[in-house]
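Engineer: Have a look; sequence and predicted model below, questions after that.
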Amino acid sequence: MNRTLAVVGFVAFATSLSFRALDPGIALIALDFGMAPERAALASTAFALPFALAQPILGPIADAIGKTRVITLCVVLLLAASLAGAVAPSFPFLIVTRIAAGIAAGGIFPVAIATAGDLVPVERRQIVLGRLLACALSGAVLGATVGGVVGDLFGWRGVLLVLAACSAVALAGAVYGFAKVPRGEGKTFNFAAAVAGYRNILANPLAKVCFGAVFVEGACVFGVLPFVAIILHGSGEERATIAGLVVAGFPIGGVILSLTLPLLLVLFGQRGLMMLGGSLVGCAFVAFALAGLWQFDLAAFVVIGIGFYMIHTGIQVFTTELAPNARASAVALHAMFFFLGQGAGPVVYGLGFATLGETASLCISAMLMLVLGLVCASKLRRPQAA
């Protein structure tokens with residue numbers, strides 16, 4: 001079990017490098033293909049949207065044919081998509097490769113969470129999920145950093161070649177590490193069975209709490225990230241490097257939580273962490289709205305990362321228990337609602353900033369996250385603890 005979890009964490013780290021690595025190269029893509037940067041930014045959307053929309057299909061497939069098998073196949077697709085993107089002769093071709101990469105990534109990390117749910121008893125599951133999140137977050141942060149450096153040295157095509165190399169290493173790890181993992185009966189995908197699985201999941205009264213909560217999380221927390229540079233610019237800080245540093249505080253907070261989670265669970269318990277997490281995120285949002293100094297903004301985002309993952313890892317534990325026989329499907333719905341929230345968040349924030357102003361909008365998000373922590377702590381309980 002430990003070997004399988006180690007391989008899953010390694011694959012999650014290596015493939016999560018693809019999440020944000022191409023973002024620093026958007027301007028280079030625009031220059032290469034002779035287009036506006038706003039249009040070139042569709043390369044990021046082309047990755048994120050298929051990640052979310054492919055979940056209802058990928059989850060049941062993983063439940064049917066085996067989770068480690070799906071992870072391995074998706075790493076192969078991610079490798080092929082990165083290589084094809086590196087030699088893209090046109091922007092539409094690049095978009096197609098990014099869509100394929102998004103679908104592939106959607107079959108790796110969410111399925112990795114479901115795999116951990118299969119292997120780890122529920123009492124220890126939140127700690128393991130926290131470590132998996134740390135692997136993915138570290139990969140995403142490192143990917144954005146490496147993507148910027150490689151992009152400056154070798155261009156955006158060089159970034160995709162590096163991502164392909166990382167996917168190749170992940171594939172080697174998956175093939176070796178999953179060799180002795182039981183693959184199950186190797187059933188084929190059945191649409192009727194998939195629908196029945198989703199009905200079973202949604203019949204659980206906790207499902208609406210889990211999926212609604214991650215949608216709100218995605219909208220409130222991730223929705224504000226594209227506006228950080230604009231908010232800092234309004235307070236007089238125009239350096240893009242500082243904006244990147246402030247945003248990096250969020251995953252840093254996630255890593256800090258993953259390292260301290262065992263102790264925090266002993267001190268506060270699962271429900272206590274959800275309430276504490278909502279309070280921390282709410283206070284940090286207010287601090288970000290009022291601070292005006294980037295050093296305080298950085299500290300606020302570290303706290304937001306800590307508080308967010310206090311709530312999020314708890315929700316993930318309950319998601320993996322919604323329907324144990326359709327665990328990958330449950331986690332797929334979790335990922336879909338989470339990423340749909342991330343997509344809706346910037347739109348809502350944009351409207352809020354235009355009508356209510358930045359401070360009021362951020363304070364509303366603070367209140368929503370505070371209430372979210374309380375609701376999750378109140379509603380998410382195991383049957384034996386009810």
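Structural biologist: Arrived safely, thanks for sending. Residues are numbered from 1 along each chain as shown.
Engineer: CA atoms for contacts and neighbours, from now on please.
Structural biologist: Noted.
Engineer: right, and residue 288 touches residue 294 too?
Structural biologist: No: counting by C-alpha atoms under 8 Å, residue 288 does not reach residue 294; the two are 9.0 Å apart.
Engineer: Compare the two and say which is more crowded by neighbours.
Structural biologist: Neighbour count, other C-alpha atoms under 10 Å: between residue 288 and residue 294, residue 288 has more, with 24 against 18.
Engineer: Name the residues contacting each of residue 288 and residue 294.
Structural biologist: Counting by C-alpha atoms under 8 Å, 6 or more residues apart in numbering, residue 288 and residue 294 have no shared contacts at all.
Engineer: Next one, pLDDT for the nearest residue to residue 81 once chain neighbours are set aside please.
Structural biologist: Nearest non-adjacent residue to residue 81, counting by C-alpha to C-alpha, 6 or more residues apart in numbering: residue 97, 5.1 Å away. Looking at residue 97, its pLDDT reads 96.
Engineer: hmm, who's touching the helix or strand harbouring residue 97?
Structural biologist: For residue 97, the host element (DSSP states H and E) is helix 91-106. The list of residues contacting helix 91-106 from outside it, by C-alpha under 8 Å, 6+ apart, reads 15-16, 33, 42-44, 46-52, 54-55, 58, 74-75, 77-78, 81-82, 84-85, 88.
Engineer: hmm, back to that, tally of neighbours for the residue nearest to residue 81?
Structural biologist: 25.
Engineer: swap in residue 199?
Structural biologist: Neighbours of residue 199 under the rule other C-alpha under 10 Å: 12.
Engineer: next one: the helix or strand it falls within to chain centre, how far?
Structural biologist: Assigned by DSSP H and E, residue 199 belongs to helix 191-203. Taking C-alpha atoms, centre = their mean, to the nearest Å, one finds the center of helix 191-203 at 24 Å from the center of the full chain.
Engineer: Show me what that helix is packed against.
Structural biologist: If you count contacts as 3 or more C-alpha pairs under 8 Å, 6 or more residues apart in numbering; DSSP states H and E, helix 191-203 packs onto helix 327-355.
Engineer: any idea of the angle the helix it packs on forms with helix 91-106?
Structural biologist: Using axes from the mean of the first three to the mean of the last three C-alpha atoms, to 10 degrees, one finds that helix 327-355 and helix 91-106 are set 130 degrees apart in direction.
Engineer: What are the buried residues along the next helix or strand after helix 327-355?
Structural biologist: With elements assigned by DSSP H and E, the helix or strand that comes after helix 327-355 is helix 358-379. Buried residues in helix 358-379, counted by 16 or more other C-alpha atoms under 10 Å: 358-359, 361-377.
Engineer: just stretch 204-215 next, same as before
Structural biologist: Neighbour-count burial for stretch 204-215 [16+ other C-alpha under 10 Å]: 206, 207, 209, 210, 211, 212, 213, 214, 215.
Engineer: possible to save those residues as CSV with secondary structure?
Structural biologist: Formatted as CSV, the buried residues of stretch 204-215 follow (DSSP: H, G, I helix; E, B strand; the rest coil):
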residue, secondary structure
206, coil
207, helix
209, helix
210, helix
211, helix
212, helix
213, helix
214, helix
215, helix
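Engineer: Would you mind putting those residues into a markdown table with pLDDT alongside?
Structural biologist: Shown next, in a markdown table, are those (pLDDT from 0 to 100):
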| residue | pLDDT |
| --- | --- |
| 206 | 94 |
| 207 | 94 |
| 209 | 95 |
| 210 | 95 |
| 211 | 95 |
| 212 | 96 |
| 213 | 96 |
| 214 | 95 |
| 215 | 95 |
